[in-house]
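*Asks:* here you go, sequence then predicted model.
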Amino acid sequence: MYLPSTQNPLYEYRCEVEGFNGSVLTLTTHAGAPKTETGIDAKVFFSGNATGWGYDGDIVGAENGPVTRWQIQIRKGPIEVDRRESRRVPERTIVLLKCGDAVVPAHILDRSDLGMRCISGRGAGIDIGKTVTVKTETIQGLFGVEGAVVWRRPTPHGIEYGVCFS
């Protein structure tokens, strides 16, 4: 979940829900957030990756300290949110993810101009932030593109990755 300020989109924090009474959402973070004033427009986004649902609201209370706590008066929501900058299309292609000496076979689940979502076997593991080369065989020959792993999550079928192309 994220709490970006519309006044400064650089302020985006991973938060935890402390409480919700139907109209006021209370969030906390240990992210070292700067001092926050009330009256700032906020967007709260719930998800594990780039799509999910969220609320629009106003920060009506803020406590600053080792734990920053925000109270957000909900104005609109829940609403479906898609933060992707490029349309994704389903794809079923086998690729190799190369990271250093490691080579991990994976299946692309969907892709866009900016990145892809893929799944590998359960034993494989590439850390978030690592640069990977994605290689696949096409009619024209071997195709490769570089990118960075921006998220990963275990599933019953293996490990899903989000790769943002360089």
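*Replies:* Perfect, I can see it now.
*Asks:* pLDDT-wise, which helix or strand of this protein ranks last?
*Replies:* The weakest-scoring helix or strand in the chain, judged by mean pLDDT, DSSP states H and E, is strand 41-46 (a mean of 70).
*Asks:* just checking: what are the partner strands of the helix or strand following that one?
*Replies:* Note on strand 41-46: by DSSP states H and E, the next helix or strand toward the C-terminus is strand 51-63. Strand pairing for strand 51-63, using DSSP bridges, gives strand 41-46 (antiparallel), strand 68-82 (antiparallel).
*Asks:* buried deepest among the ones you listed, which one?
*Replies:* Per residue and on average, the most neighbours among the strands paired with strand 51-63 fall to strand 41-46, with a mean of 19 (mean count of other CB atoms under 10 Å). Any C-beta I mention is one placed from the backbone N, CA and C, and that applies to glycine too.
*Asks:* can you map out the strands along this protein?
*Replies:* 16-20, 24-29, 41-46, 51-63, 68-82, 89-99, 102-111, 115-120, 131-138, 141-155, 158-165 (DSSP state E).
*Asks:* skip the chain neighbours and tell me the closest residue to W151.
*Replies:* Using CB to CB, 6 or more residues apart in numbering and skipping residues adjacent in sequence, the residue nearest W151 is G162, 4.2 Å away.
*Asks:* where's that neighbour relative to R75, distance?
*Replies:* Per CB to CB, to the nearest Å, G162 is found 30 Å from R75.
*Asks:* what's the answer for S86, then?
*Replies:* The gap separating S86 from R75 is 29 Å, by CB to CB.
*Asks:* also T38?
*Replies:* 14 Å.
*Asks:* returning to that earlier point: which one of the strands of the chain has the lowest average pLDDT?
*Replies:* Of all the strands of the chain, mean pLDDT reaches its minimum on strand 41-46 (a mean of 70).
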